[in-house]
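Engineer: Below is the sequence, then the predicted model.
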Amino acid sequence: MPEGAIFLQVSISNGLRVLSDFYESALRLIDDLDAVTPLNELPQSA
């Protein structure tokens, strides 16, 4: 496999790891906010 392809695979897997970390952090933040402000008190946009 050419070096460029290996570099691309590493970049993609690192990017996915960062995204999943960010996603988990966002979920945790939403849980924290939900503990302060129940979602059913917010105006429903959907």
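Structural biologist: Sure, I can see it. Residues are numbered from 1 along each chain as shown.
Engineer: Quick one: distance of stretch 10-18 to the chain centre.
Structural biologist: In terms of Cα atoms, centre = their mean, to the nearest Å, the gap separating the centre of stretch 10-18 from the centre of its chain is 12 Å.
Engineer: Next: stretch 13-30.
Structural biologist: In terms of Cα atoms, centre = their mean, the gap separating the centre of stretch 13-30 from the centre of its chain is 3 Å.
Engineer: tell me the average confidence for that stretch?
Structural biologist: What stretch 13-30 shows for mean pLDDT is 95.
Engineer: Give me the contacts around that stretch.
Structural biologist: Residues outside stretch 13-30 that contact it (Cβ atoms under 8 Å, 6 or more residues apart in numbering): none are found. In short, each C-beta sits where N, CA and C put it, glycine included.
Engineer: show me where the chain has helices.
Structural biologist: Under the criterion DSSP state H, the chain carries helices at the ranges 3-36.
Engineer: centroid residue for it?
Structural biologist: Nearest to the centroid of the C-alpha atoms of the chain, with distances taken as Cα atoms, centre = their mean, sits Tyr23, at 1.6 Å.
Engineer: ok, now how distant is that one from Asp31?
Structural biologist: Distance from Tyr23 to Asp31, counting by Cβ to Cβ, to the nearest Å: 13 Å.
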